[in-house]
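Student: Generate a structure from the sequence data that follows.
(2 chains)
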2 protein chains.
Amino acid sequence: MILEFFGGRLGATAGAGEHASGEYGEHMRLSDMDADQRAALLAEQEREHQELCGRGLSLNLTRGKPSSEQLDLSNALLELPGSVDLPAGPDVRNYGGLDGLREIREIFGELFMIDPDLLVASDNASLSLMHDCVTYASLHGIAGQQPWSNQQVKFVCPVPGYDRHFAITEHLGIEMIPIPLTDDGVNVEELAALLADEQVKGMWVVPMYGNPSGTVWSREVVEKILALPAAPDFRIFWDNAYGLHHLTDEPAEMLPILDMAAAAGNPDRVFAFASTSKITFAGAGVSFFGSSKTNLDWYRGHTQFRTIGPDKINHWRHAAFFGDAEGVRAHMRKHREQLAPKFALVDEVLSERLGGYGVAEWTKPRGGYFVALRVPNGTASRVVALAKEAGIALTPAGAAHPLRHDPDDAVIRIAPSFPPMDELRPAMEGVATCVLLAAAEQL
Amino acid sequence: MILEFFGGRLGATAGAGEHASGEYGEHMRLSDMDADQRAALLAEQEREHQELCGRGLSLNLTRGKPSSEQLDLSNALLELPGSVDLPAGPDVRNYGGLDGLREIREIFGELFMIDPDLLVASDNASLSLMHDCVTYASLHGIAGQQPWSNQQVKFVCPVPGYDRHFAITEHLGIEMIPIPLTDDGVNVEELAALLADEQVKGMWVVPMYGNPSGTVWSREVVEKILALPAAPDFRIFWDNAYGLHHLTDEPAEMLPILDMAAAAGNPDRVFAFASTSKITFAGAGVSFFGSSKTNLDWYRGHTQFRTIGPDKINHWRHAAFFGDAEGVRAHMRKHREQLAPKFALVDEVLSERLGGYGVAEWTKPRGGYFVALRVPNGTASRVVALAKEAGIALTPAGAAHPLRHDPDDAVIRIAPSFPPMDELRPAMEGVATCVLLAAAEQL
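Tutor: Alright, predicted model coming up:
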């Protein structure tokens, strides 16, 4: 049995935390067992799985969204902005203001290290901003180049990655080229070879606490990538969805991405995205788009046909709620208080149940919303199916790969944020049973 | 001097109100004056204009948006939904619910006579929904037909019409074919001839209180149009932006447009749009998209890549604010109390200053946000320029026509909602001076 983790390095995906476990523990390695021991293990796990199925569970580990208790942290928003004086300047209740309210752009500009003049605040979904950028480039082109819809266009897709990114590019007929994530981003030489192809127009990146790998892209790797030769209309879709979502006292470094792109001589290379979806209300937050003035003018030049302006009242509401950047940081510490124990529980259960068998590795992310669980090649789908039989919903195997195809059938995305602790434990125990059973079956 | 009003019928554009004035009044018809009388009039208007320019005015009649006082009517929204119980069903604060909150769809479904199951509630701009429908059809096609971006596509554009409609189609490279508005829509035979062209894929319609004509489309005309032969992917973009915005005790009839389309045997022909932009906050309202199930499935099939769902908190906030459909009607009566005097003032000043000269006609709309002022052919641009010299901003002549080209250079859009009454009177008096001066100059 060969465990080939992300780029063969899941155990060392340091971006994901101090370490990932699975090699060490009280259990005997499956590969060291003799035939009788294996048969006994298989029989035992079949019994456990049968018992699991009999419990009538209905548990869900698919949903990378805040729990009700996390949402409660922002309930003051439901009464804001209240009957206070309107902000200075044009009436926020009326039409206008394509860039969004200055006050909220200043707060999040500080946090994301982006000049507020280069940061647009929009409606509730940064996904929409990404979608629209791809759509505008498809219909109209960017940087004076041909519309993408007139040609074969390719995007580089670090894997495992975010399914909704890959869905946008798939839907628009863009070919996706997977590249494995490393400890600190991707292999720069490998990427350089891909970017030499002029048809490569984009790359999806979740720079901090990646979904689902937890990967943090290092300053060094990013600096190199920003300087690589590429097509003039090549853009890095820098989705910093979890940039403020730390789980430890050692937050990853926030990179001043637009400054770095300018310093690398490619100021227009980056489309930066973020939102408050996992900060305030997932369905009613504020999204952000940061880029060079040239790119923003391009964006405005198309978006002005779509809208007269975003919901500035919601910007005002959020600015009133947070006050300043420190208000956001304090708020995120409350999220961490709720989330960190859930991530600890996932690690605890997996370590207890699987440690030593050598049949799984998983990330211990320093932030974000996901744990990536790597199981023996060819068993991820089976684990998901076994879990389903037991009433435990897991994200479909392959979801973290372009076209939903994980060539190793080995990566499972665990989303521990939504279920309460008393559901998370039995769910993870069930998952551990399924992982072990699938591995034993395979032998 | 020939006054050719919209399709030669401005005076009778009954959709726009009982009548439009300009032919009758105390003044002598310009065309009946002898040379001396005309010279005297010209000299007098030049003096008046010069005096006007000396007053240092800064007035604006361009903005078709609610006044601050109108926005105040909705200020309770700033504290809603408050600390009340969350609505039943999935947590409105979280992700999800592509169709929007049921409660708000029921209220506005009743008002717009659309089954809530066929009505989607979205974010703050129905313009975005229109844009996205055109974009999705451009990139992906609709009704199993070729993407519009692969072919020459044409839209029928009733004129005068809404500049932002025409801007969307222009931006996407769609050819616009003007057709004059009549009293009750458009000439059906003329439209039938246009729709015989398979390249015609859409038509912009503002069915009630059109921008800027005030036109109301009659049930009879709409029934005929719904039954006309047309391309399978021909869609009527039915923008009922002012459908609840009555200015008189005799509201125009709300047409159950989807039922009518189904009855005509073309259930998929209509994309219906509306919003609360001019009901609550122009920048922070709720938009609506109603269509057949087939069309909505098509829309959802594309929009799901753009967003996980709209801002349901804002839906909830609006539902709490209105309570029910009658709550909306009561709210609109308050708007009318503020708006009707402004429209009366526009008519009063124009009648006093221009009545009898035979140099202008204007609409007396029964609803909506605009007055269309028709001046002698070839003078609209001159009127706008003269007004600008005097510090009165008017919408550029031609704005109500595709490609900003009014072949008659005769239509001026007046937006009386935003300025307070004490600014509206001098602004309209100044406009009257400019109209008369431009007409006298032309002779």
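
Student: List the buried residues in the biggest helix by length in chain A.
Tutor: In chain A, with assignment by DSSP state H, the single longest helix is helix A:325-354. Residues A:325, A:328, A:331-332, A:335-336, A:338-339, A:342-343, A:345-347, A:349-351, A:353-354 are the ones in helix A:325-354 that count as buried (16 or more other CB atoms under 10 Å in any protein chain shown). Glycine gets a C-beta too; all of them are placed from N, C-alpha and C.

Student: who's in contact with the spatially closest residue to A:G82 that is not a sequence neighbour?
Tutor: Spatial nearest neighbour of A:G82, excluding adjacent residues (CB to CB, 6 or more residues apart in numbering or on different chains): B:E79 at 5.2 Å. Residues in contact with B:E79 (CB atoms under 8 Å, 6 or more residues apart in numbering or on different chains) are A:79, A:82-83.

Student: Could you do A:L354 as well?
Tutor: A:22, A:25, A:27, A:360, A:432, A:435-436.

Student: And the furthest pair within those?
Tutor: A:G25 and A:V435 (13.2 Å; CB to CB).

Student: Quick check: mean pLDDT of stretch A:218-231?
Tutor: For stretch A:218-231, the mean per-residue pLDDT is 98.

Student: One more: stretch A:349-368?
Tutor: Stretch A:349-368 comes out at a mean pLDDT of 96.

Student: Now do the strands in the stretch 251-400 of chain A.
Tutor: Counting by DSSP state E, counting those that start in this stretch, one finds strands in the stretch 251-400 of chain A at the ranges A:270-275, A:287-290, A:361-362, A:371-374, A:392-393.

Student: Sorry, slip of the keys, the one I care about is the stretch 1-150 of chain A.
Tutor: Using DSSP E, counting those that start in this stretch, strands in the stretch 1-150 of chain A cover A:59-60, A:119-122.

Student: ranking the ones you listed by burial, who's on top?
Tutor: strand A:119-122 (a mean of 25; mean count of other CB atoms under 10 Å in any protein chain shown).

Student: How many neighbouring residues does A:D132 have?
Tutor: Counted with other CB atoms under 10 Å in any protein chain shown, residues neighbouring A:D132 total 22.

Student: cool, A:E223 as well?
Tutor: For A:E223, using other CB under 10 Å, the count is 15.

Student: Neighbour count for A:G25 and A:V435, which is higher?
Tutor: For A:G25 versus A:V435, neighbours defined as other CB under 10 Å are more numerous around A:V435 (30 against 17).

Student: Could I get the contacting residues of that one?
Tutor: A:354, A:359-360, A:373, A:375, A:379, A:383.

Student: can you tell me which of those are in helices?
Tutor: Using DSSP H, the subset of these located in helices is A:354, A:383.

Student: of all the contacts of A:V435, which comes closest to B:P87?
Tutor: A:L373 (35.5 Å).

Student: how near is A:A390 to A:V371?
Tutor: From A:A390 over to A:V371 the distance is 19 Å, taken as CB to CB, to the nearest Å.

Student: Domain map for chain A?
Tutor: According to automatic domain parsing, chain A comprises the domains A:2-69+A:330-442, A:96-324.
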